[in-house]
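Engineer: attaching a predicted model along with its sequence, questions to come.
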Amino acid sequence: MKILVTGGAGFIGSHLVDAYIEQGHDVVVLDDLSTGKTSNINPKARVVVADVNTNVLDELMAKERFDVVNHHAAHMELRASLLKPLHDANVNVLGSIRLLNAARETGVRHVVLASTTAIYGAQVQFPADESHPIAPLSPYGASKYSMELYAEYFRRVHQLSVTSLRYSTVYGPRQNPHGESGVVAIFLERFIDGRQATIHGDGEQTRDYVHVHDVVAANMLASQHKLNDVYVVASNTEVSVNELVRLMRQTITIPIDVVHGPKVKGDAPRTLCCADKLTNHTGWRPSIGIEQGIATTAAWFIRTKVK
Ligand SMILES: NC(=O)c1ccc[n+]([C@@H]2O[C@H](COP(=O)([O-])OP(=O)(O)OC[C@H]3O[C@@H](n4cnc5c(N)ncnc54)[C@H](O)[C@@H]3O)[C@@H](O)[C@H]2O)c1
């Protein structure tokens, strides 16, 4: 199949490109390299450096007539979105509408969208599945839910086949340690550099961490089965920041220096999600537990730092 991966130079997108290429597909990456890196991109992929919300996307899709479009390009700095909601909407809402419309016009057989459980805001049901109330606390969350609503419109009115995958907190090799989210990457980078990491609050806040390889597997199933619905992709477990640090101590031999700082306003105390719908429909299950995931991710960060 001919597949377009937007955001294919980024953390999750670049792993998707590898997996599609491994399956023998012809892959084109569209990425503006704002946070992604060319070194992440599989050399067998063709690359277009452009903003997703421009004519370049329309022209590319009209010319290539993709079978599958996997949309991972996004502005995803949650706290930055509080300061710059307009930029967020431009990429995450308008860029997504442009992509969905071009998919409809060019006969794309299936679209996969990267959404997020951040659309739930502060969780009120544990674990959270697809029926959790939507209550985003950031423009980022609002923009991602808006993308899902447009997908629903294209699905209903234009019969476009679209899967929205709501990820919990994704971690693994190639995650950008310079962003504001991605505590695993941020902490590992700091420890490897011999710097101190700050735990906001008492460190007992939890997240549902899902490994990028499991996220890739969910995307492969979505593309293959044309799931055409909304699915949570999560590990169904919660891990505190203190527990993460303990696992890092157990895994890496370099000194681990942490300090507790003030709690971040609006930081959710608990996140625990449930991917049973995806499991029931496809057999997908998270395969990498947090201990193994932290060990292999730490090994990757150490290896790439040494190079
Ligand atoms: N990492 C997580 O924990 C997580 C959780 C939920 C959802 N998501 C979603 O997954 C997707 C990928 O996230 P990631 O963690 O790999 O982030 P990332 O920043 O590593 O990847 C995003 C990629 O999109 C590119 N990009 C950004 N704006 C663009 C634009 N206007 N035009 C073209 N390319 C653009 C960036 O250069 C980058 O390569 C995003 O849509 C994000 O909202 C991620």
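Structural biologist: All right, it came through fine.

Engineer: so residue 261 sits right up against residue 199, yeah?
Structural biologist: Yes. With contact defined as C-beta atoms under 8 Å, residue 261 reaches residue 199; the gap is 7.0 Å. No exception for glycine: its C-beta is placed from N, CA and C like everyone else's.

Engineer: the more surrounded of these two?
Structural biologist: It is residue 199, of residue 261 and residue 199, that has more neighbours when counted by other C-beta atoms under 10 Å, with 20 against 11.

Engineer: and that one, that one's in a strand?
Structural biologist: Yes. Assessed with DSSP: H, G, I helix; E, B strand; the rest coil, residue 199 lies in a strand.

Engineer: quick one: contacts for it?
Structural biologist: Residue 199 makes contacts with 241, 242, 245, 258, 259, 260, 261, as judged by C-beta atoms under 8 Å, 6 or more residues apart in numbering.

Engineer: please indicate which of these are buried?
Structural biologist: The neighbour count (16 or more other C-beta atoms under 10 Å) marks 241, 242, 245, 258 as buried among the contacts of residue 199.

Engineer: export those residues to a markdown table and append columns for pLDDT and distance to the ligand.
Structural biologist: Listed next are those as a markdown table, based on pLDDT from 0 to 100; distance: C-beta to the nearest ligand atom, whole Å:
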| residue | pLDDT | distance to the ligand |
| --- | --- | --- |
| 241 | 97 | 15 |
| 242 | 97 | 20 |
| 245 | 96 | 19 |
| 258 | 96 | 21 |
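
Engineer: export these to CSV and append columns for distance to residue 226 and secondary structure.
Structural biologist: As requested, the buried ones among the contacts of residue 199 are exported to CSV (distance: C-beta to C-beta, whole Å; DSSP: H, G, I helix; E, B strand; the rest coil):
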residue, distance to residue 226, secondary structure
241, 38, helix
242, 41, helix
245, 41, helix
258, 45, strand
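
Engineer: what residue ranges in the stretch 201-307 of the chain score low on pLDDT?
Structural biologist: Scanning the stretch 201-307 of the chain for pLDDT under 70 picks out 306-307.

Engineer: the same query, at a cut-off of 90, please.
Structural biologist: 251-255, 263-268, 305-307 (pLDDT under 90).

Engineer: the ligand contacts on that one?
Structural biologist: Within the stretch 201-307 of the chain, no position is near the ligand by C-beta under 6 Å from any ligand atom.
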